[in-house]
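Asker: No letters, just coordinates:
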């Protein structure tokens, strides 16, 4: 499956798992759902980094990875701040609306821009032969 499809599937799963966090009132159930959310995060991030690697020219990859890492860190910092403020003002379960809103927004953005996630064709490619080396004996 392509990284583009994996990213969409990962964010759909992440959105579905995060959608129940705010409604859970049992610690064991919250722990189980939190585990499922956590299991969805790594594939989504890995797919995102894989896409950056395939879409960005080699000369700009370090900068692109830095932007992606910075965006993830900024999103986490903002989400923790907003969730804490909501939890303080309206109760603990309200803070869990932030992951749901974030994943829904990310999924909507991903779906709206998915056509830009395909590498552009570089034109016609002419196949060239592969150079072979002479076999050598190995001790």
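Answerer: Ah, there it is. Because the structure is a prediction, the values reported are computed rather than measured.

Asker: Now do the buried residues in the helix or strand of the chain with the lowest mean pLDDT.
Answerer: The weakest-scoring helix or strand in the chain, judged by mean pLDDT, DSSP states H and E, is helix 92-95 (a mean of 90). By 16 or more other Cβ atoms under 10 Å, the buried positions in helix 92-95 come out as residue 95. Bear in mind the C-beta positions are built from the backbone N, C-alpha and C, glycine included.

Asker: ditto for stretch 7-25
Answerer: Going by neighbour count (16+ other Cβ under 10 Å), the buried part of stretch 7-25 is 7-8, 10-15, 17-19, 21-22, 24.

Asker: Name the nearest of those relative to residue 63.
Answerer: Using Cβ to Cβ, residue 7 comes nearest to residue 63 of the buried residues of stretch 7-25, at 20.5 Å.

Asker: From the buried residues of stretch 7-25, which one has the minimum pLDDT?
Answerer: Within the buried residues of stretch 7-25, residue 22 has the lowest pLDDT, namely 86.

Asker: Now for the nearest residue to that residue once chain neighbours are set aside: which residues touch it?
Answerer: Spatial nearest neighbour of residue 22, excluding adjacent residues (Cβ to Cβ, 6 or more residues apart in numbering): residue 96 at 3.9 Å. Applying Cβ atoms under 8 Å, 6 or more residues apart in numbering to residue 96 gives the contacts 18, 21-22, 24, 83.
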